[in-house]
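Q: below are the sequence and a predicted model; questions follow.
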Amino acid sequence: MARSRYPIIARQGWLPIAVSLCVAALVWYFLGPVWALPLLALAALTAWLFRDPYRQIPATPLGVVSPADGVVESVDSVHDPFLQRDAIRVVLAMRGGDVYTTRSPVEGKVMDMLQAESENEGAAHGVWIKTDESDDIVIVMRRGRLGSTPRCFVQCGERVGQGQRCGFINFGSRLEVYLPVNSRIDIRPGSHIHAGADLLGVLVHKTDRAIS
């Protein structure tokens, strides 16, 4: 995907940055540069928080890249409540300073937009993606730390590329990725990983196991 299609600062940050710079310019004009410094610092901090850097997607056949920056909280075998199957669940915790953009872990077709409600964790927004090899991947985004609702930029029936920007969560959140139960997982709890650049694991098929 071409780098030039995306700015290095997410569009969600353009307005607050522009407002901070405009107010800083007015304060500078009427009160002097010293009084404008806090507003300039705020604009710089906002630009850093809303950064959206280019990521090099690893060339790994059947690889599953991380959908978000964050720390791996857990990897376990569970029952997938969305597709009603056995699955491997990887839980990621996005920190406040991590990049807020989320990405598609695989290339494939968006089959459905999923909703669920947890008594302890509130509303969850899920995306079900089916790969060309018929593997089902579910990404679940929880509400952000400040109660912000995750934004999803893809729609049911749309085709997405691996590492494609597909969502946004202000100030971090908690994500869950449900993988086929026979997937090979390459990360451990405590690992800090980057969206679109680091692998969660590899999808394994019967032919792959026979060859190995």
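A: In hand now; what should we look at?

Q: tell me where the chain has helices.
A: For the chain, the helices identified by DSSP state H occupy 14-31, 33-49, 206-211, in order along the chain.

Q: domain parsing of the chain, as residue ranges.
A: Described in terms of automatic domain parsing, the domain architecture of the chain consists of the residue ranges 3-49, 63-211.

Q: quick one: residue 90 from residue 179, how far?
A: With distances taken as Cβ to Cβ, to the nearest Å, residue 90 is found 7 Å from residue 179. The C-beta positions use only the backbone N, C-alpha and C, and glycine is treated the same way.

Q: any shared contact partners between those two?
A: When Cβ atoms under 8 Å, 6 or more residues apart in numbering defines a contact, the residues bordering residue 90 and residue 179 alike are 185, 200, 201.

Q: so who does the residue lying closest to the first one once chain neighbours are set aside touch?
A: Closest residue in space to residue 185, ignoring its immediate chain neighbours: residue 201 at 4.1 Å, by Cβ to Cβ, 6 or more residues apart in numbering. Residue 201 sits next to 63, 64, 88, 90, 179, 183, 184, 185, 186, 187 when contact means Cβ under 8 Å, 6+ apart.

Q: let's see it at 10 Å
A: 60, 62-65, 75, 88, 90, 105, 177, 179-180, 183-187 (Cβ atoms under 10 Å, 6 or more residues apart in numbering).

Q: among the helices of the chain, which comes closest to residue 137?
A: Distances from residue 137 to each of the helices of the chain were compared using Cβ to Cβ; the shortest belongs to helix 206-211, at 16.8 Å.

Q: what segments of the protein are strands?
A: 63-65, 70-80, 85-93, 101-103, 108-118, 122-130, 136-142, 151-152, 159-160, 165-168, 174-180, 184-185, 192-193, 199-202 (DSSP state E).
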